[in-house]
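Novice: Only the shape, not the letters, is given here:
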């Protein structure tokens, strides 16, 4: 990682270009292809990157988190490719370079279906399904919906290891939209610095904020804010934890135990004595619910172990793949 920068220095430096809703002009690490399909009466496009597998080797599908896109999987994808695996990195509908319909029912089941259809179009009959953060909720739903197409399930600091609305009040989509409209590059950095990296910062971390920061300056910020509100609603209203006992494929949880990510923490009910985001406990709880599972805990790492300490993450990830 590059030398740490102060928040002030980073905030001054973040002058990314203004991006439209499809991130035109923002380069991804591999060739971006497009899968066109019809869904809910609309013609949509799903952007993805695909590194083909060596003959006889499995394919991994890497599912991104809510504040990210497929590009942040670059190092993981290269390491997997070097080991002979194929890799597919989609941008989910509503994210990255993919379509962002505002008149759309966003659900993990819908996103899982689209991902399944994308893999089918690539003649990938079965895959190792890997999800980080929100992608972990999607990966879980995928494995529950398509167990015959899922060789293994790997969850990297997934959110959804608790049912957030059990402990907090529901924020309307309208209020979430207003909050998203008020996003600034400086606020995005401050949030990620505090919640993802325990106050540390670097040029590598800053680079991951460039798409989000560019959207706040772009011509489609209202569209971005509204789709972000819709997908945030999906996280809160479509829990997967109650279905963990029905996951029938071998599952690995890779957990940075310093993580404290807790969606809707600001709306915890005053009568509730509960602390969101205790990943030092949540990984073990989830592993106890999933029948054929194993837990890898990475002490002193936060929400993005694959970014924060790739050298520590990679051996664990490769072990989980086998």
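Specialist: In hand now; what should we look at? These numbers were taken from a predicted model, which means no experiment stands behind them.

Novice: okay, CA-based contacts and neighbour counts for the rest of this
Specialist: Fine.

Novice: Can you pull up the most central residue in the protein?
Specialist: residue 65 (1.2 Å; Cα atoms, centre = their mean).

Novice: Assign the residue of the chain most remote from its centre to helix, strand or coil.
Specialist: Most distant residue from the mean C-alpha position of the chain: residue 271, 30.9 Å away (Cα atoms, centre = their mean). Counting by DSSP: H, G, I helix; E, B strand; the rest coil, the backbone at residue 271 sits in coil.

Novice: and the gap between it and residue 265?
Specialist: 14 Å (Cα to Cα, to the nearest Å).

Novice: cool, and residue 299?
Specialist: Separation of residue 299 from residue 265 (Cα to Cα): 23 Å.

Novice: Looking at those two, which is more packed in?
Specialist: Comparing residue 299 with residue 265 by other Cα atoms under 10 Å, the one with more neighbours is residue 265, at 16 against 13.

Novice: I'd guessed residue 213 sits against residue 184; true?
Specialist: Yes - Residue 213 lies in contact with residue 184 (Cα atoms under 8 Å); the separation is 6.7 Å.

Novice: So for these two, which residue has more residues nearby?
Specialist: Taking neighbours as other Cα under 10 Å, residue 213 and residue 184 compare with residue 213 leading, 23 against 16.

Novice: what number of residues lie near the closest residue to that one other than its chain neighbours?
Specialist: Leaving aside its sequence neighbours, residue 213 sits nearest to residue 185 (Cα to Cα, 6 or more residues apart in numbering; 4.6 Å). Residue 185 sits with 21 neighbouring residues when counted by other Cα under 10 Å.

Novice: quick one: the helices in the stretch 151-300 of the chain?
Specialist: 173-181, 185-196, 203-207, 210-217, 221-237, 279-289 (DSSP state H, counting those that start in this stretch).

Novice: I'd like to know which of those helices is closest to residue 155.
Specialist: Smallest distance to residue 155 across these (Cα to Cα): 9.9 Å, for helix 279-289.

Novice: So for residue 75, what's the pLDDT?
Specialist: The score at residue 75 is 98. That number is its pLDDT.

Novice: Could you look up the SS state of it?
Specialist: Here residue 75 is recorded as helix under three-state DSSP.

Novice: That one: what's it in contact with?
Specialist: Residue 75 makes contact with no residue, according to Cα atoms under 8 Å, 6 or more residues apart in numbering.

Novice: roughly how far apart are it and residue 91?
Specialist: 17 Å.

Novice: Can you tell me what sits against stretch 216-236?
Specialist: By Cα under 8 Å, 6+ apart, stretch 216-236 touches 17-21, 66, 94, 100-102, 106-108, 134, 160, 163-165, 170, 173-174, 176-178, 180-181, 183-185, 215, 263-264.

Novice: Any quick PyMOL command for the buried ones out of the residues you listed?
Specialist: This is the PyMOL syntax for the buried subset of those, where burial follows 16 or more other Cα atoms under 10 Å:
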select buried, resi 18+19+20+21+66+94+100+101+102+106+107+108+134+160+163+164+165+170+173+176+177+180+181+183+184+185+215+263+264
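
Novice: mind checking the longest strand of this protein?
Specialist: Using DSSP state E to assign secondary structure, the strand with the most residues in the chain is strand 42-51.

Novice: Quick check: buried residues in it?
Specialist: 44, 45, 46, 47, 48, 49, 50, 51.

Novice: Note down every partner strand of it and its orientation.
Specialist: strand 33-39 (antiparallel), strand 86-90 (antiparallel) (DSSP bridges).

Novice: Residue 279: neighbouring residues, count only.
Specialist: 24.

Novice: Please name the nearest non-neighbouring residue to it.
Specialist: Excluding the flanking residues, the one nearest residue 279 by Cα to Cα, 6+ apart is residue 257, at 5.1 Å.

Novice: do the same with residue 258
Specialist: Distance criterion Cα to Cα, 6+ apart; nearest residue to residue 258, sequence neighbours excluded, is residue 302 at 4.7 Å.

Novice: which residues does that neighbour contact?
Specialist: Residue 302 touches 196, 197, 198, 256, 257, 258, 259, 260, 308, counting by Cα under 8 Å, 6+ apart.

Novice: If we use 7 Å, what do you get?
Specialist: The contact partners of residue 302, by Cα atoms under 7 Å, 6 or more residues apart in numbering, come to 196, 197, 256, 257, 258, 259.
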